[in-house]
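Peer 1: compute the structure for the input listed below.
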Amino acid sequence: MGAEISVETRRADELDARERALWAEFRAAAPELSSPYFDLRYVVAAAEVAPHARMAIIRREGRIEGFLPYQRRGGAIQPIGAPLTDYHGLVARPGAEIDLKAVLGRLRVRRFRFGGLVPRHAPAADLFADARPAMVADLSQGYEAYLEQRRAAGQGGFLKDKRRRMRQLAEQVGPLRFTLTPDADALDAIIREKREQMRRTGQHDVFATAWTRDLLRRLSCGTADDFGLRVAVLRAGDHVVAAEAGLLSGRAYHLWFPVYDPEFARYSPGALMTLETLRVLAEQGVATADFGPGAEDYKRAFADPAGQVLEGDVIADPFVEGMRALLRQTMARSPALHERMSALYRRLDRRLDRIAACEPGLNGQITAAGRSLGRIGRRHPRIGAGVGLGLSLAGASAGLLLLD
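Peer 2: Next comes the predicted model:
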């Protein structure tokens with residue numbers, strides 16, 4: 001990899017004009033970085049509200065090789081804006097070779113945890129990660145061409161069904177009206193509904209902390225035509241039947257936080273809203289609409305895999321690596337236990353990661369983690385002692401990484 005790297009840290013809004021130009025140059029040279037999460041305006045907005053947010057500037061022999069925006073949580077780092085930032089990673093010079101474990105060493109941290117790492121400049125040996133597809137709708141040739149693509153992908157019946165439901169919704173509830181604009185009131189309604197949904201399903205409430213709400217509101221207040229938060233709202237008569245917050249950057253759009261009124265579930269209001277969103281985006285010249293990582297069935301109706309992102313971590317701590325090896329040994333004693341434990345470990349890691357992101361203070365992390373582990377125990381009372389040991393090891397491993 002040549003000469004060793006050096007790493008300087010700074011606030012994202014402190015980048016000078018030359019550094020900002022380099023960011024734009026590196027991003028423009030890599031189509032996989034077109035996501036709004038790699039727009040420097042998003043990074044700066046997140047850095048202004050997320051606790052302990054920093055920008056790592058990575059140099060080799062004095063030349064800037066790349067940037068890594070992050071937020072520190074104890075002895076670990078996360079993507080800046082986590083858990084809201086769906087895609088993340090290095091913004092680096094084309095052809096640069098950057099060892100993420102070496103970056104962690106320069107930052108004096110033990111772990112980098114990620115859920116949607118764009119795998120550029122990240123040697124596989126440094127990663128403990130699972131690949132997940134990024135699901136993207138191609139709008140570059142217009143909406144009618146997009147619909148033809150979906151029919152060719154076997155979704156003709158899906159589209160026909162949604163046209164029927166749209167007619168029924170208009171006839172039985174009221175005339176349809178769709179908007180896609182910055183809308184502070186609609187955004188607040190989405191946040192309230194998402195919080196209720198997370199409480200109902202036992203997830204950690206990511207909007208219980210003020211900074212996550214502030215980030216969405218800050219993104220919705222800009223005046224740029226090519227960047228910022230937009231809110232899709234589908235109304236039938238006087239009823240808001242579905243809404244979704246999304247993020248725009250140039251010709252790329254990311255669908256982000258959807259909600260719908262369950263009273264109108266028989267009309268598939270979320271799917272109808274999504275189709276209207278894609279139609280309007282295509283009319284506005286947007287080329288791609290990203291549904292985020294993961295190939296759930298509902299995403300496959302609208303989008304196709306477009307590359308992969310990684311969920312996992314980079315570890316730079318021998319003790320934690322040993323803890324993880326012990327966990328693997330425990331799971332290997334039984335294939336059935338291994339499968340169950342692997343799923344539970346990933347779920348626990350996601351929960352703890354989300355908690356750490358939202359709750360930068362240790363007391364808040366411990367309280368929220370206790371509630372989360374209690375929910376898992378109540379939902380899985382028959383898992384058994386082996387899984388209980390594995391959960392303890394997983395929790396201890398994650399917990400050690402949060403401590404200084």
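Peer 1: for residue 68, give me its contacts.
Peer 2: Contact analysis of residue 68 by C-beta atoms under 8 Å, 6 or more residues apart in numbering lists 55, 56, 58, 89, 90, 91, 103. All C-beta spots, glycine's among them, are computed from the backbone N, C-alpha and C.
Peer 1: go with 10 Å
Peer 2: For residue 68, the contacting residues are 7, 9, 54-58, 77, 79-80, 88-92, 98, 100, 103-104, 107, 112, 121, by C-beta atoms under 10 Å, 6 or more residues apart in numbering.
Peer 1: over to residue 138?
Peer 2: So residue 138 contacts 145, 146, 149, 150, 282, 287, 288, 289, 303, 304, 306 (C-beta under 10 Å, 6+ apart).
Peer 1: who wins on neighbours among those residues?
Peer 2: Counting neighbours by other C-beta atoms under 10 Å, residue 303 comes out on top of these with 27 neighbours.
Peer 1: ranges for the strands of this structure?
Peer 2: Ranges of strands in the chain, per DSSP state E, are 5-10, 53-60, 63-73, 76-79, 91-92, 111-117, 128-138, 176-181, 227-236, 239-249, 252-260, 288-293, 304-315.
Peer 1: pipe these into a markdown table and attach distance to residue 356 and mean pLDDT per row.
Peer 2: Below are these laid out as a markdown table (distance: least, C-beta to C-beta, whole Å; pLDDT from 0 to 100):
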| stretch | distance to residue 356 | mean pLDDT |
| --- | --- | --- |
| strand 5-10 | 19 | 97 |
| strand 53-60 | 14 | 98 |
| strand 63-73 | 5 | 97 |
| strand 76-79 | 7 | 96 |
| strand 91-92 | 24 | 96 |
| strand 111-117 | 8 | 93 |
| strand 128-138 | 17 | 90 |
| strand 176-181 | 34 | 98 |
| strand 227-236 | 25 | 98 |
| strand 239-249 | 23 | 98 |
| strand 252-260 | 21 | 97 |
| strand 288-293 | 20 | 97 |
| strand 304-315 | 12 | 92 |
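Peer 1: now tabulate the ones you listed in TSV and tack on distance to residue 28.
Peer 2: Formatted as TSV, the strands of the chain follow (distance: least, C-beta to C-beta, whole Å):
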stretch	distance to residue 28
strand 5-10	22
strand 53-60	19
strand 63-73	14
strand 76-79	21
strand 91-92	10
strand 111-117	20
strand 128-138	19
strand 176-181	26
strand 227-236	15
strand 239-249	12
strand 252-260	12
strand 288-293	15
strand 304-315	17
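Peer 1: buried ones among the contacts of residue 68?
Peer 2: 7, 54-58, 77, 79-80, 88-92, 98, 100, 103-104, 107, 112, 121 (16 or more other C-beta atoms under 10 Å).
Peer 1: buried residues in stretch 25-45?
Peer 2: Buried, per 16+ other C-beta under 10 Å, within stretch 25-45: 26-27, 30, 32-40, 42-45.
Peer 1: over to stretch 224-238?
Peer 2: Quick answer for stretch 224-238 (16+ other C-beta under 10 Å): 227, 228, 229, 230, 231, 232, 233, 234, 235, 236.
Peer 1: so who does residue 65 touch?
Peer 2: Contacts of residue 65 by C-beta under 10 Å, 6+ apart are 2, 5-6, 22, 26, 57-59, 90, 92-93, 95-98, 121.
Peer 1: hmm, back to that, just name the closest of the buried residues of stretch 25-45 to residue 352, please.
Peer 2: Using C-beta to C-beta, residue 37 is the member of the buried residues of stretch 25-45 that sits closest to residue 352, with 21.9 Å.
Peer 1: leaving out sequence neighbours, find the closest residue to residue 75.
Peer 2: In space, and not counting its chain neighbours, residue 75 is closest to residue 110: 4.6 Å by C-beta to C-beta, 6 or more residues apart in numbering.
Peer 1: now the residue lying closest to residue 237 once chain neighbours are set aside: how far from residue 239?
Peer 2: Using C-beta to C-beta, 6+ apart and skipping the chain neighbours, the partner closest in space to residue 237 is residue 174 (2.0 Å). In this view, residue 174 and residue 239 are 7 Å apart by C-beta to C-beta, to the nearest Å.
Peer 1: what's the pLDDT at the residue positioned nearest the centre of the chain?
Peer 2: With distances taken as C-alpha atoms, centre = their mean, residue 86 lies nearest the centre of the chain, 1.7 Å away. The model reports residue 86 with a pLDDT of 97.
Peer 1: ok, now which ones touch the residue lying closest to residue 293 once chain neighbours are set aside?
Peer 2: Leaving aside its chain neighbours, residue 293 sits nearest to residue 132 (4.3 Å; criterion: C-beta to C-beta, 6+ apart). The contact partners of residue 132, by C-beta under 10 Å, 6+ apart, come to 115-117, 292-295, 305, 308-312.
Peer 1: and residue 132, how close does it get to residue 181?
Peer 2: From residue 132 to residue 181 the distance is 31 Å (C-beta to C-beta).
Peer 1: enumerate every residue touching residue 296.
Peer 2: By C-beta under 10 Å, 6+ apart, residue 296 lies in contact with residue 135.
Peer 1: and which of the contacts of residue 132 is nearest residue 187?
Peer 2: The nearest one, if we look at the contacts of residue 132 relative to residue 187 and count by C-beta to C-beta, is residue 292, at 18.6 Å.
Peer 1: all good on my end, thank you.
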